[in-house]
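> Pasting the sequence and the predicted coordinates here, then a few questions.
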Amino acid sequence: MTVVTRFAPSPTGYLHIGGARTALFNWLYTRHLGGTFRLRIEDTDRARSTDEAIKLIIEGLKWLGIDWDGDVVMQFARAPRHAEVARQLLAEGKAYHCYCTPAELEEMRNKARAEGKPMRYDGRWRDRDPKDGIPNVPPVIRLKAPQTGETVIDDLVQGRVTVANEVLDDMVLLRADGTPTYMHSVVVDDHDMEITHVIRGDDHLNNAFRQYQLYQAAGWKVPEFAHVPLIHGPDGAKLSKRHGALGVEAYRDMGYLPETMRNYLLRLGWGHGDDEIISTKQAIEWFDIKDVGRNAARLDIPKLDNLNGHYLREADNARLAELVIERLKDVSPVGRSRIERGMAGLKARAKTLVELVDNARFYTLARPIPISEKAKALLTPEAKKLLADLSPALAATDFSEAALETAVRTFVETARVKLGQVAQPLRAALAGEPTSPGIFEVAAVLGRDEALGRIADATR
RNA sequence: GUCCCCAUCGUCUAGAGGCCUAGGACACCAGCCUUUCACGUUGGUAACACGGGUUCGAAUCCCGUUGGGGACGCCA
């Protein structure tokens, strides 16, 4: 049997970080087994679904490097099929019409709570004669679920989970307006799409019981379930769109690389011994849903930063230069070239693309460059004198990094000062900041005219 | 309220009864490296929620307590 999985987000907002991880796990699992990974947009809630959200989700997945097989399935387009199944169940006596009003339902819930009972529909229309229907009141179709016994799910990550059927109620399959509910659509679609493994958030574990009953009623094979724990915020509460979860594009904007996100998200809830840095290729090789932990994990930004620093250092210079230039906007050809050539020194010092951009900016500035307060403090009268004296020595070199270093070290010796006494003012003059990549590298990247010019500006 | 799930350093985790005086990573602290900042490197602080069992032996199995989370919609 080949594995078929799916990621089924509802397009009511961006692809949040928890959804991204669910997608990643589905994808990894499928790629590991050589199966099929599908994307289904659950847009049955017409009021809250938007095209903008669909676009965001698809872009988010693409950015993350998660690809799916076949066409995207739009769930709402399948509504007629969902209705057909519901009516079939109705005809077979496995479902029934219910004419309860929202007020009645509300009352039931209040009563149940007051009595300390589970909040559920009491099944008052379950055994009524269809002829008792209320005229002019469109009914919903409810599943006639078992009332005794228990429903058992052998979950791939949660293990065997059992619930007494009496705490479950008869769920609505088709709304009064004839549209399908999520619970119903999911089952019909997963069946029709021949999904073999349903890997999704833990928050659906309870739904799985009801869905299981629907599979039973329809006489369909029940897929394997794998409910992965949710990602929590630093406060320990569920991370959701309604609770501060950011979309993946927000992480992109904050300067994280997609490979960082894949690695980080993977390590949230899944581990492989002491391995921390795991390439996507390696992940596909190692990943198994059985190794997913059962406890919820909290998002830890410092660790994300650290990981991103690692991937930044590992990333190709030309690619990073491109990303930086994109964010900097209006970079001249000269600036471009400097950023490309200076990337090695730049990327070693950044944790995010945002930081990288900030650190690269001085390469793009036109003379005279602004000197920050802290850098100004370095440019004391003595320092300026030193720089002015140093300038001819630098001019005499071929402006290669090595030659510049030799020149400065020689100068420092003859002038009987410490390297730092010259290097720091030089840094202030060339970068306008008290920190920068190695100063010889910076000088070399800027080139003779620009470097000497910036020194002249600063010593003036 | 009812049901379900979970429980190892601050955080992510390793740990499938003896290998655990509990390992790694991030963060934190100290040192080294050093032209700045990073990187790197060396060392350090820091955890099996609690109580009962089972067993020669429990972080690992069972029960309970506590704590946390999730679900209880004609939302998904």
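Yep, it's here.
> what's near enough to touch the residue nearest to residue A:46 when sequence neighbours are not counted?
In space, and not counting its chain neighbours, residue A:46 is closest to residue A:76: 7.0 Å by C-beta to C-beta, 6 or more residues apart in numbering. Backbone N, C-alpha and C define where each C-beta goes, glycine included. Residues near residue A:76 by C-beta atoms under 8 Å, 6 or more residues apart in numbering: A:43, A:44, A:46, A:49.
> Quick check: the second one touching residue A:182?
In this case it means residue A:44. Yes: judged on C-beta atoms under 8 Å, residue A:44 makes contact with residue A:182 at a distance of 6.1 Å.
> which of those two has more neighbours?
Per other C-beta atoms under 10 Å, whichever of residue A:44 and residue A:182 has more neighbours is residue A:44, with 23 against 16.
> So the more buried one belongs to a helix, correct?
No: read with DSSP: H, G, I helix; E, B strand; the rest coil, residue A:44 is coil and lies in no helix.
> mind checking how far it is from RNA strand B?
Distance, residue A:44 to RNA strand B, using C-beta to the nearest atom of the strand, to the nearest Å: 4 Å.
> what residues are up against that residue?
Counted by C-beta under 8 Å, 6+ apart, residue A:44 has contacts A:75, A:76, A:79, A:179, A:180, A:181, A:182, A:185.
> Doesn't the second one lie inside a helix?
Going back to what we said before, that points to residue A:76. Yes: looking at residue A:76 with three-state DSSP, it is inside a helix.
> And the pLDDT for residue A:210?
We have a pLDDT of 94 for residue A:210.
> List the buried residues in the helix or strand it falls within.
Residue A:210 is part of helix A:205-218, with elements assigned from DSSP states H and E. Neighbour counts over helix A:205-218 (16 or more other C-beta atoms under 10 Å) mark A:205, A:207, A:208, A:209, A:210, A:211, A:212, A:213, A:214, A:215, A:217, A:218 as buried.
> next helix or strand past that helix?
Next along from helix A:205-218, by DSSP H and E: strand A:224-228.
> Going through the contacts of residue A:76, which ones are buried?
When these are checked against 16+ other C-beta under 10 Å, the ones flagged as buried are A:43, A:44, A:49.
> remind me which residues of the stretch 201-350 of chain A are low pLDDT?
In the predicted model, the stretch 201-350 of chain A carries pLDDT under 70 at residues A:237-245.
> Contact residues of it facing RNA strand B?
Within the stretch 201-350 of chain A, the positions lying close to RNA strand B (C-beta under 7 Å from any atom of the strand) are A:202-207, A:229-230, A:232, A:236-238, A:267-271, A:273-274, A:276, A:291, A:293-298, A:300, A:302-303, A:305-306, A:309-310, A:313, A:348-350.
> ok, back up a step: need the contacts of residue A:76 in JSON lines (columns: distance to residue A:145 and pLDDT).
Listed next are these as JSON lines, based on distance: C-beta to C-beta, whole Å; pLDDT from 0 to 100:
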{"residue": "A:43", "distance to residue A:145": "26", "pLDDT": "92"}
{"residue": "A:44", "distance to residue A:145": "21", "pLDDT": "87"}
{"residue": "A:46", "distance to residue A:145": "27", "pLDDT": "86"}
{"residue": "A:49", "distance to residue A:145": "28", "pLDDT": "91"}
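> For RNA strand B, state which of these is nearest.
Distance to RNA strand B, by C-beta to the nearest atom of the strand, is smallest for residue A:44 among the contacts of residue A:76, at 3.8 Å.
> I figured residue A:179 was touching residue A:78, is that so?
No: in this structure, residue A:179 is not within contact of residue A:78 by C-beta under 8 Å, at 11.2 Å.
> Which one's more surrounded, those two?
Taking other C-beta under 10 Å, residue A:179 and residue A:78 do not tie; residue A:78 has more neighbours (19 against 16).
> In which helix or strand does the closest residue to that one other than its chain neighbours reside?
Spatial nearest neighbour of residue A:78, chain neighbours left out: residue A:189 (6.3 Å); criterion: C-beta to C-beta, 6+ apart. Per DSSP H and E, residue A:189 falls inside helix A:182-192.
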